[in-house]
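# Quick check, what structure comes out for this input:
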Amino acid sequence: MVLPLLILFLLGIIDAGRLAWQLNRAEKATQAGARVAAVTNSFPSGLRTENYVGQSVTTSSGTVTLTQGDSIPREALGEILCTRAGGCSCATAPCPATIGTIDTDVFDNVLLPRMKAMYGAITAANVELRYSGSGLGFAGDPNGMEIAPLVTVQLVSTQAAPLKFTPISTLRMASFSLPSFRTTLTAEDASGDKSF
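Have a look, this model is predicted:
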C-alpha cells in the first residue's frame, strides 16, 4: 500500500532535480549569450554607425544638444529588439534613424552555438536580443561605436519553438513550458566575431 506512494515521492524528487538542472542550463545559456552579444559585432549596423553629435536628447533635467565628447545620456536610446527571423525594430523610441540588421554570421556561428553548448534545446527562434540606453559612451567617439548600450539576451519559449519540461512522475503524459530567462550586460567593444 505504501509502495506506490513511495515510488511517486521518489519520482517527484528526481523530477525536482531534473527541473533544477534544466533551469540552470537555460540560465547559463542566457548568460553565455549575453557575454557573446556584449563583446562581438552582433549589434544592429545602424547602432554601430550612429553619430550622436548634434542630436537633441530630452532628459529629466531638460533637453540637451550633444557636442563632440559629450557623455551620451541613457535617454538617447530607447529599445531595439532583434531576432534572427524578424530582424531589428524599434520597440521604444528614440532609435537610430536607420537601425540596420544584426550580423547574422556572428549570430549563427558564435552566439547561437555558444548558447546551444549550454542548453541544446535552444533554436534561433528562442533568442531575442535587446539594446537600450545605458548612459555610457561619448558623442563623436573616434574609436568605434559611440554609445555603449545595455545588451539583453532573452531566452523565450514560443509556440513554434517551445522549451518544455516533461516530468517523469506524470508518466510523460504532461509537460509545461519553461519561463523566460534574461541577462543584461553593458556593451564592451562591439567588434569582432570571437568571445572568450
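
# On the three-state scheme, the residue positioned nearest the centre of the chain is what?
Among the residues of the chain, the one closest to the centroid is Val153, at 0.9 Å (CA atoms, centre = their mean). Reducing the assignment at Val153 to three states with DSSP: H, G, I helix; E, B strand; the rest coil gives strand.

# Next up, the contacts around it.
Residues in contact with Val153 (CB atoms under 8 Å, 6 or more residues apart in numbering) are 30, 33-34, 37, 127-130, 182-183. (C-beta placed from N, C-alpha, C; glycine too.)

# Go again with 10 Å.
29-38, 42, 111, 115, 127-130, 181-185 (CB atoms under 10 Å, 6 or more residues apart in numbering).

# Write a ChimeraX command that selects only the buried members of these.
Remark: buried members of the contacts of Val153, expressed as a ChimeraX selection using 16 or more other CB atoms under 10 Å:
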select :29,30,31,32,33,34,35,36,37,38,42,111,115,127,128,129,130,181,183,185
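
# In strands only, show me the contacts of Val153.
127-130, 181-185 (DSSP state E).

# Kindly present those residues as CSV, with separate columns for pLDDT and distance to Leu11.
Below are the ones in strands among the contacts of Val153 laid out as CSV (pLDDT from 0 to 100; distance: CB to CB, whole Å):
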residue, pLDDT, distance to Leu11
Val127, 96, 32
Glu128, 95, 34
Leu129, 95, 38
Arg130, 96, 39
Phe181, 96, 26
Arg182, 96, 31
Thr183, 97, 32
Thr184, 96, 37
Leu185, 95, 39
